[in-house]
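Q: just a sequence and a predicted model for now, questions to come.
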Amino acid sequence: MTTELTFSNSDIPSLNVLLRTHWTKKAKMQEALLWKIKQQTRNRHSGEVIVTFHRKACKLMDWDNFSGSFKLVGDSLVKSGVIVDDKPDIITSFIPLQTKVKKKVEEIISITIKDKDL
């Protein structure tokens, strides 16, 4: 099974933003992300998965900042039941990708979750 999710870049904050955000605001951000995931899919991956985290933006982030921004997404995927857990035993491969685009309207984040046995 494959699950495709898309978000605007503003839906998923960078690690630098997350580190400076009060915990109550982070909780609200995660709740909003959780509902956006639930609106897009009812898929449930019961075992090992491969996750591709692709950001298209006019300005690229440092890799550590971008990869760290998956924190809220991973927790929300678990909480919504799309994946069993976000530990390395379940997400056996995590692929962060960034692509530079010319226009702001082209900016988007896409997440692809594939069962490992495919």
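A: Sure thing, it's come through. Residues are numbered from 1 along each chain as shown.

Q: CA atoms for contacts and neighbours, from now on please.
A: OK.

Q: tell me what the lowest-mean-pLDDT helix or strand in the chain is packed against?
A: Sorting the helices and strands of the chain by mean pLDDT, DSSP states H and E puts helix 15-19 at the bottom, at a mean of 86. The contact analysis (3 or more CA pairs under 8 Å, 6 or more residues apart in numbering; DSSP states H and E) places helix 15-19 against helix 63-68.

Q: let's see 10 Å
A: helix 23-40, helix 63-68, helix 70-80 (3 or more CA pairs under 10 Å, 6 or more residues apart in numbering; DSSP states H and E).

Q: hey, which of those helices is tucked in deepest?
A: Of all the helices and strands packed on helix 15-19, helix 70-80 has the most neighbours on average by mean count of other CA atoms under 10 Å, namely a mean of 18.

Q: remind me what that one packs against, helices and strands.
A: Judged by 3+ CA pairs under 10 Å, 6+ apart, the packing partners of helix 70-80 are helix 15-19, helix 23-40, strand 49-57.
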